[in-house]
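Asker: I need the structure of the sequence given here:
(2 chains)
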Protein chains: 2
Amino acid sequence: MIDKLIEKIQKTKAPIVVGLDPMLKFIPDSILKQAFLEKGETLEGAAEAVWQFNKAIIDRIADLIPAVKPQIAMYEQFGVPGLCAFQKTVTYCKEKGLIVIGDIKRGDIGSTSSAYATAHLGKVKVGSNFCTVFDEDFVTVNPYLGSDGVQPFIDVCKEEKKGIFILVKTSNPSSGEFQDQLVKSGVTAGVVGEQTGKIAFADKTLYETVGEKVAEWSTQCMGAYGYSSIGAVVGATYPEQGKILRKVMPHSFILVPGYGAQGGTGKDLVHFFDKNRLGAIVNSSRGIIAAYQSEKYAQFGPEHFADASRQAVIDMIADIDQALECME
Amino acid sequence: MIDKLIEKIQKTKAPIVVGLDPMLKFIPDSILKQAFLEKGETLEGAAEAVWQFNKAIIDRIADLIPAVKPQIAMYEQFGVPGLCAFQKTVTYCKEKGLIVIGDIKRGDIGSTSSAYATAHLGKVKVGSNFCTVFDEDFVTVNPYLGSDGVQPFIDVCKEEKKGIFILVKTSNPSSGEFQDQLVKSGVTAGVVGEQTGKIAFADKTLYETVGEKVAEWSTQCMGAYGYSSIGAVVGATYPEQGKILRKVMPHSFILVPGYGAQGGTGKDLVHFFDKNRLGAIVNSSRGIIAAYQSEKYAQFGPEHFADASRQAVIDMIADIDQALECME
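Answerer: This next block holds a predicted model:
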């Protein structure tokens, strides 16, 4: 699956992914009104508005980008109708030729992770049938439970030629609380490197430790271009950490959230990429889908929200392109 | 919400929760056959079988226990129909007076965690309506993203009088891979405690660090019995770690998975409890719901699977009771 993503990135010349994280406040009144008229101010009405909003944006930007990343929480908040809208969005994007990264951040003990992997990447056996369920191309995975929580996802990736991005260093302000903890490594607890007078362990953070594990896992699903279908999530808001992690995980594609609304800029991104402009894919969510609400794209107005999104995609591609050119 | 849970535990004299994690292989053929006859060997058929299986077990055990813990992954694997069965199960258990702990292990950046918290514990605003969604009483939360990923759940707990259990030390074999990492604390990186010849930091693990944070968060939602609605998950398979964490988080109720099928026994549990037999609630999933498939309860046969579950609940309560008596 990573090869397919790389080929799409090369074709579109756009190492970006658009986050389809529709909050109701992003959706123009005209769409809300129509959806509520049809289905009421209910979960069904909200889900219908989300779907119509998504569809209009996808139709207007699908030719420019390789991939989308729907954030399942934004659909789950509208319950079963919301998850129907998630499924419709995934299916529609795939029909449009887009690669779909399900931002689900699941992770549990073995048999439970297997069920999640089946739900989102695989097929579930019912009687003598194998049924596809949500059927994204990639999903994001939380590593806190360790190898036996992650391996079931990798197993399904191998079987179904799918991929995952494992959370390593997330983009949020308090991501450092646990992820930046310095961990002891290479020494038995309590032993001091007395010869040098220094502590006999490297200052290694938890996110580096997780990154090393990702590097190990990534060897199980190598593609044709030197990258693995087992990738990582590293926030654009932490460029220095991105620089370190690019080296720690040489075969892992990095999904980079935090660009735009969260504060990451084009120049923060250069270290996430390799010299061939590969190795990373940058996400923007509200910066694209709610572009018409920002001052920069206000001239489009709510009635042309999808055109504002298109322009925001074009500008984001240019911004990253320029940053990568400066790097060369 | 923690007060309600404590009162239910005291009333039933059963500090246990039954994990409703229905895999199709646990469901007797007669139920599967009927469901497939009605809805086909489809996601709908699987979901119907899950629901009928759950209902029969709930009806037979609801009077014995304070709470159930449906594992959402086992429903999510059957897509939208599966999530309908999850919702029906939650609603039905609440109607039966059971407290519902949604085992969802969600956790994300702020606005996304908010959406999850709304979906599972709160109400979502649609137009001028506030709609309840899945409406569990408690959910499990993954802390890897730090405070700003957890706080939105706490905020909803405060508003809606709900609760959460935060993953601290999970029950699975590789939980130590990251959770047991020794982290540096109390010293600036690279400084050695030269006076004593020892390293000037405590050998503190990541799970203790997370536990300390849980203790801090727990003060926000204190109940009447000295416990907070902000609890923790610590696996029965790690009794020594449970002993440490009981002290680190004096106000947090501990949800203890890993009893039974995963290898935890009654005597492993004593350190999770306080001297009043409170402070912990022990989960068993397949040990109860698939009891009829084990040798011990084979005499019930598949036709009396729910009676086997009832007996397994009675035996589990006795096992824990005996272990707690030995402690006194």
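Asker: buried set for stretch A:226-237?
Answerer: A:227-237 (16 or more other Cβ atoms under 10 Å in any protein chain shown). Every residue, glycine included, has its C-beta placed from N, CA and C.
Asker: Correct me if wrong: residue A:266 contacts residue A:322.
Answerer: Yes - distance between residue A:266 and residue A:322: 6.3 Å, which falls inside the contact criterion (Cβ atoms under 8 Å).
Asker: Which one's more surrounded, those two?
Answerer: residue A:266 (18 against 12; other Cβ atoms under 10 Å in any protein chain shown).
Asker: pLDDT (mean, whole number) over stretch A:175-186?
Answerer: What stretch A:175-186 shows for mean pLDDT is 85.
Asker: The stretch 201-328 of chain A: helices as residue ranges?
Answerer: With helices called from DSSP state H, counting those that start in this stretch, the stretch 201-328 of chain A shows them at A:206-218, A:239-248, A:286-289, A:305-327.
Asker: just those: most buried one?
Answerer: helix A:286-289 (a mean of 24; mean count of other Cβ atoms under 10 Å in any protein chain shown).
Asker: Help me see whether it makes contact with chain B, please.
Answerer: No - judged by Cβ under 8 Å from any Cβ of the partner chain, helix A:286-289 makes no contact with chain B; its nearest approach is 9.0 Å.
Asker: and that helix, how far out from the chain's middle?
Answerer: Relative to the chain's own centre, helix A:286-289 is displaced by 15 Å; criterion: Cα atoms, centre = their mean, to the nearest Å.
Asker: so what does that helix touch, helix or strand wise?
Answerer: Secondary-structure packing of helix A:286-289 (3 or more Cβ pairs under 8 Å, 6 or more residues apart in numbering or on different chains; DSSP states H and E): strand A:16-20, helix A:43-61, helix A:305-327.
Asker: among the ones you listed, which is nearest residue B:99?
Answerer: helix A:43-61 (23.9 Å; Cβ to Cβ).
Asker: Which residues of the stretch 201-328 of chain A lie near chain B?
Answerer: Residues of the stretch 201-328 of chain A lying near chain B (Cβ under 8 Å from any Cβ): A:203, A:206, A:209-210, A:213.
Asker: from those, which is closest to residue A:65?
Answerer: residue A:210 (28.4 Å).
Asker: Tell me which stretches of chain A form strands.
Answerer: A:16-20, A:67-70, A:99-106, A:123-126, A:129-132, A:138-141, A:163-169, A:182-183, A:204-205, A:228-234, A:252-256, A:280-284 (DSSP state E).
Asker: Which single residue in the stretch 201-328 of chain A comes nearest to chain B?
Answerer: residue A:203 (5.1 Å; Cβ to the nearest Cβ).
Asker: So that residue versus residue A:209, what's the distance?
Answerer: Residue A:203 sits 12 Å away from residue A:209, taking Cβ to Cβ, to the nearest Å as the criterion.
Asker: again with residue A:165
Answerer: 18 Å.
Asker: For the lowest-mean-pLDDT helix or strand in chain A, name the packing helices and strands.
Answerer: Every helix and strand of chain A was ranked by mean pLDDT, DSSP states H and E. The lowest is strand A:182-183, at a mean of 90. On a contact count with 3+ Cβ pairs under 8 Å, 6+ apart, strand A:182-183 meets strand A:204-205, strand B:182-183.
Asker: about what we covered before: redo the strands of chain A as CSV? Include distance to residue B:288.
Answerer: What follows is the strands of chain A, written out as CSV (distance: least, Cβ to Cβ, whole Å):
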stretch, distance to residue B:288
strand A:16-20, 40
strand A:67-70, 36
strand A:99-106, 24
strand A:123-126, 23
strand A:129-132, 27
strand A:138-141, 29
strand A:163-169, 32
strand A:182-183, 38
strand A:204-205, 41
strand A:228-234, 36
strand A:252-256, 39
strand A:280-284, 42
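Asker: circling back to that earlier point, tell me how many other residues crowd the residue of the stretch 201-328 of chain A closest to chain B.
Answerer: Neighbours of residue A:203 (other Cβ under 10 Å): 13.
Asker: With residue A:257 instead?
Answerer: Neighbours of residue A:257 (other Cβ under 10 Å): 27.
Asker: Same check on the one 4 residues further on?
Answerer: Burial of residue A:261, expressed as a neighbour count using other Cβ under 10 Å, amounts to 15.
Asker: That one is in contact with residue A:283, isn't it?
Answerer: No - in this structure, residue A:261 is not within contact of residue A:283 by Cβ under 8 Å, at 10.5 Å.
Asker: circling back to that earlier point, and the gap between the residue of the stretch 201-328 of chain A closest to chain B and residue A:238?
Answerer: 16 Å.
Asker: repeat for residue A:21
Answerer: In terms of Cβ to Cβ, residue A:21 sits 20 Å off from residue A:238.
Asker: now residue A:247
Answerer: In terms of Cβ to Cβ, residue A:247 sits 15 Å off from residue A:238.
Asker: coming back round to it: let me know the closest of the residues of the stretch 201-328 of chain A next to chain B to residue A:64.
Answerer: For these, the nearest to residue A:64 is residue A:210 (32.7 Å; Cβ to Cβ).
Asker: dump the residue contacts of that closest one.
Answerer: By Cβ atoms under 8 Å, 6 or more residues apart in numbering or on different chains, residue A:210 lies in contact with A:143, A:166-168, A:179, B:178.
Asker: Just the local confidence number for it, please.
Answerer: Value for residue A:210, per-residue pLDDT: 96.
Asker: correct me, but residue A:44 touches residue A:81?
Answerer: Yes - applying Cβ under 8 Å as the test, residue A:44 and residue A:81 come out as touching, 4.6 Å apart.
Asker: out of the helices and strands packed on helix A:286-289, which comes closest to residue A:151?
Answerer: Comparing those by Cβ to Cβ, strand A:16-20 comes nearest, at 25.3 Å.
Asker: Off-centre distance for the closest one?
Answerer: 8 Å.
Asker: and residue A:274, how many residues sit next to it?
Answerer: Using other Cβ under 10 Å: residue A:274 sits among 12 other residues.
Asker: Got phi/psi on residue A:15?
Answerer: When read as degrees, to the nearest 10, the backbone of residue A:15 gives phi -80, psi 60.
Asker: Name the spans of the stretch 101-250 of chain A whose pLDDT lies under the cut-off.
Answerer: Along the stretch 101-250 of chain A, the model assigns pLDDT under 70 to residues A:185-202.
Asker: Swap in 90 and give it another go.
Answerer: A:183-203 (pLDDT under 90).
Asker: so residue A:182 touches residue B:181, yeah?
Answerer: No - taking Cβ under 8 Å as the definition, residue A:182 is not a contact partner of residue B:181, at 9.7 Å.
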